[in-house]
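A.B. asks: Sequence and predicted model, in that order:
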Amino acid sequence: MFDRFKEEAIRVIMLTQEEARQLGHTQEIGTAFLLLGLIGEGRGIAAKILRSLNLDLNNTREEVEKILGRGAGVPFVEIPFSDNAKAVLEGALEEAQKLGQKLIGTEHLLLAIAALKRGTAYQVLEAFQIDPERLQADILAVMSEAEFAAFEFTETPTSDVQTLVQELDGLIEELSDLLASAKSKSEALKRRIRSKVVSHAETAALVKKLPAPDAIATKELLTELQTISESDPNLTEEDKQDILSQIQGFARLWTFRLDERIQKISRKPLRTLRGIVAELPPDAPQVADYQRIIAAIADQFKLPLQSNDL
């Protein structure tokens, strides 16, 4: 299995052994030590996301020691993985395959830890009040943004069919390489999430990055929603900022919109938009447009327009 691991994921496996030895746990490596390895690796998507959630080696080690205590094992032995840790490694492979990716990165390991919902790593996440489903959605959103930021679609001004096929093969190979070695933009994402002001230009740029031709309808809907809301005199500045935030959320989640975890998290911005529109005067001319756009966005994300969702 490890021949499918990227360099940073291999480093995580090595670090789990060191973390387990430091605490004297030489009988088996549990999921908590995989979590420590992801933090200690420091450069991958998983490490950056965990840091943004205020998990570092010191506070996580303290929590692991609270849960497991200190062992008294021999420090220099090869330590086997626990059943839960093996399930995480197998789950990481499944996560990569579901996303159409050949290699396993730190992000897939963290996705598998969050999906397992048992074991010592799950207890650590609970101790830090980190919701596993929200964590999975955050990981997928960062992966999606990294794809858009790294890849540029270029025009191919040629009518020669053979040349066009060769250029298309080159683009496919380039995209494949970028997916295998994509670098995280999580620090930029964290700054945007924490920012109190959502800019017009940033929102427009994020929507513009949605890939053609698959996202044309979604791109037009989000652009129309931004245009109408920014010029709507019935909306407060706070409402306009809130709508821009929801537009950015939909743009980031678009790539994995059919994943059931993303569909769960996508219901929140949909409810937020409906709530804002519900506060507008019933005779406001923009209400019908908002309702039409929201219904169309729900259709794009395959979300049911049910009363408990909206």
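C.D. replies: Received it, and whenever you're ready, just let me know what you need. This is a predicted model, so every value here is computed, not measured.
A.B. asks: So for the residue lying closest to D56 once chain neighbours are set aside, what's the pLDDT?
C.D. replies: Closest residue to D56 apart from its sequence neighbours, by CB to CB, 6 or more residues apart in numbering: I39 at 6.5 Å. Backbone N, C-alpha and C define where each C-beta goes, glycine included. We have a pLDDT of 88 for I39.
A.B. asks: Equivalent analysis for A146, please.
C.D. replies: 58.
A.B. asks: what about T31, how many neighbours?
C.D. replies: For T31, the count of nearby residues is 28 (other CB atoms under 10 Å).
A.B. asks: quick revisit: wasn't the residue nearest to D56 part of a helix?
C.D. replies: Yes: note on I39: a helix contains this position according to DSSP: H, G, I helix; E, B strand; the rest coil.
A.B. asks: count of residues packed around it?
C.D. replies: I39 has 23 nearby residues by other CB under 10 Å.
A.B. asks: List the contacts of it.
C.D. replies: 47, 50-51, 55-57, 60 (CB atoms under 8 Å, 6 or more residues apart in numbering).
A.B. asks: Flag the shaky bits of the stretch 51-200 of the chain, pLDDT-wise.
C.D. replies: Scanning the stretch 51-200 of the chain for pLDDT under 70 picks out 72-77, 145-162, 164-165, 175-198.
A.B. asks: so where do the helices sit in it?
C.D. replies: Taking DSSP state H, counting those that start in this stretch as the test, the helices found in the stretch 51-200 of the chain are 57-68, 83-98, 106-116, 120-127, 132-150, 161-180, 186-194, 200-208.
A.B. asks: Of these, which stretch is the most buried?
C.D. replies: Comparing those by mean neighbour count (mean count of other CB atoms under 10 Å), helix 106-116 ranks first with a mean of 26.
A.B. asks: how far does it sit from the chain's center?
C.D. replies: Relative to its chain's centre, helix 106-116 lies at 11 Å (CA atoms, centre = their mean, to the nearest Å).
A.B. asks: before we move on, the earlier item: for the residue nearest to D56, give its distance to R70.
C.D. replies: To R70, I39 is 19 Å away according to CB to CB, to the nearest Å.
A.B. asks: quick one: stretch 125-135 to chain centroid distance?
C.D. replies: 14 Å.
A.B. asks: hang on, I meant stretch 116-131
C.D. replies: Offset of stretch 116-131 from its chain centre (CA atoms, centre = their mean): 18 Å.
A.B. asks: now what about that stretch, what contacts it?
C.D. replies: 30-32, 34-35, 53-55, 60, 63-64, 66-68, 82, 84-85, 87-88, 91, 113-114, 132, 135.
A.B. asks: From I130, how far off is the residue nearest to D56?
C.D. replies: 13 Å.
A.B. asks: again with T106
C.D. replies: In terms of CB to CB, T106 sits 16 Å off from I130.
A.B. asks: With R257 instead?
C.D. replies: 23 Å.
A.B. asks: check contacts around K268.
C.D. replies: With CB under 8 Å, 6+ apart as the criterion, no residue contacts K268.
A.B. asks: which residue packs closest to P132, ignoring adjacent ones?
C.D. replies: Nearest one to P132, counting by CB to CB, 6+ apart, is A114 at 4.2 Å.
A.B. asks: L135 now?
C.D. replies: According to CB to CB, 6+ apart, the nearest residue to L135 is A114 (4.6 Å).
A.B. asks: need the contact list for that neighbour.
C.D. replies: Applying CB under 8 Å, 6+ apart, we find A114 in contact with 125, 132-133, 135-136, 139.
A.B. asks: Now do stretch 60-67: distance to the chain's middle.
C.D. replies: Worked out by CA atoms, centre = their mean, stretch 60-67 lies 26 Å from the chain centre.
A.B. asks: hey, C-alpha coordinates of it in PDB?
C.D. replies: Only the C-alpha atoms of stretch 60-67 are listed here, as PDB (Å, rounded to 0.1, in the frame of the first residue of the first chain):
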ATOM      1  CA  THR A  60      -2.200  17.400  20.900                       C
ATOM      2  CA  ARG A  61       0.500  15.400  22.700                       C
ATOM      3  CA  GLU A  62      -0.900  16.500  26.000                       C
ATOM      4  CA  GLU A  63      -4.400  15.400  25.100                       C
ATOM      5  CA  VAL A  64      -3.100  12.000  23.700                       C
ATOM      6  CA  GLU A  65      -1.300  11.400  27.000                       C
ATOM      7  CA  LYS A  66      -4.400  12.200  28.900                       C
ATOM      8  CA  ILE A  67      -6.300   9.600  27.000                       C
END
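A.B. asks: which other residues reach that stretch?
C.D. replies: Looking at what lies outside stretch 60-67 - CB under 8 Å, 6+ apart - the contacts are 19, 22-23, 32-33, 35-36, 39, 120, 123-124, 127-128.
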